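Asker: take this sequence and fold it.
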Amino acid sequence: MKKAIILLVAASILSSPARAANPDECAIWLCAPIGFMSPYCAKPFLKMMKRKMKFKNPFPSFSSCEVEGSPASGMDYRVFTASVWPGPRITYGDCIEKDGTDMNDSSRPGPQCFSVTGYRVFKKGEQIGGTFYSAKSYGPSYFEDENGVLTRVGEPETEEDVSERTERMLEAERRRVEEELRRERGGSLKPRY
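Answerer: Residues are numbered from 1 along each chain as shown. Prediction:
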């Protein structure tokens, strides 16, 4: 049912012009509940990170993404601090043990904890999808689905990233083949007749 609601909201946003916000920023509302795991969520993920770096709200106001004349959506989001502990497991709040030890201190020996920001999307007070956790400074992102399954996620690749990586791989293969031919032909790439 929740996935149907997400798809319905996605269809209404993507099929009609938005009022003010950038379409990639509006897609943050669609991608956060699925952990930005779709290839179509690469640009929205980057937009969200840019908004955070500019000290803006990570989500644009939903009213700026709604189609003119649409009924009130009741969309909202919550941002909170959480901690990723070895395992991994996530707890709410900062990386502080019950005895007051700061587990985020990199000079401390043993397993480290790092702080993350959690994001949840709601429609009329009910959470839609899972919870997306983004590292506050350095560290991976995580997604916790509706069943509590925690998955480590990387930054989604854009089409440009894939084509650049492919070009680098092809160039490396071309150099490897040329080097192999040089060795076979005694240092020359010209064929022997």
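Asker: C-alpha only now, for contacts and for neighbours.
Answerer: Noted.
Asker: look up the closest residue to residue 62, ignoring the ones flanking it.
Answerer: Nearest non-adjacent residue to residue 62, counting by C-alpha to C-alpha, 6 or more residues apart in numbering: residue 75, 6.7 Å away.
Asker: partner residues bridging the one you found?
Answerer: Here residue 75 sits in beta bridges with residue 123, as judged by DSSP bridges.
Asker: what about it, distance to residue 37?
Answerer: 21 Å (C-alpha to C-alpha, to the nearest Å).
Asker: next SSE downstream of the helix or strand bottoming out on mean pLDDT in the chain?
Answerer: Least confident helix or strand of the chain, by mean pLDDT, DSSP states H and E, is helix 2-15 with a mean of 45. Going down the chain from helix 2-15, the next helix or strand is helix 23-26, by DSSP states H and E.
Asker: show me where the protein has helices.
Answerer: 2-15, 23-26, 28-31, 42-53, 159-184 (DSSP state H).
Asker: could you tell me the least trusted of these?
Answerer: Lowest mean pLDDT within the helices of the chain: helix 2-15, a mean of 45.
Asker: ok, now which ones touch the residue nearest to residue 90 when sequence neighbours are not counted?
Answerer: Nearest residue to residue 90 in three dimensions, chain neighbours excluded: residue 84, at 4.6 Å (C-alpha to C-alpha, 6+ apart). Residues near residue 84 by C-alpha atoms under 8 Å, 6 or more residues apart in numbering: 90-91, 95, 113-116.
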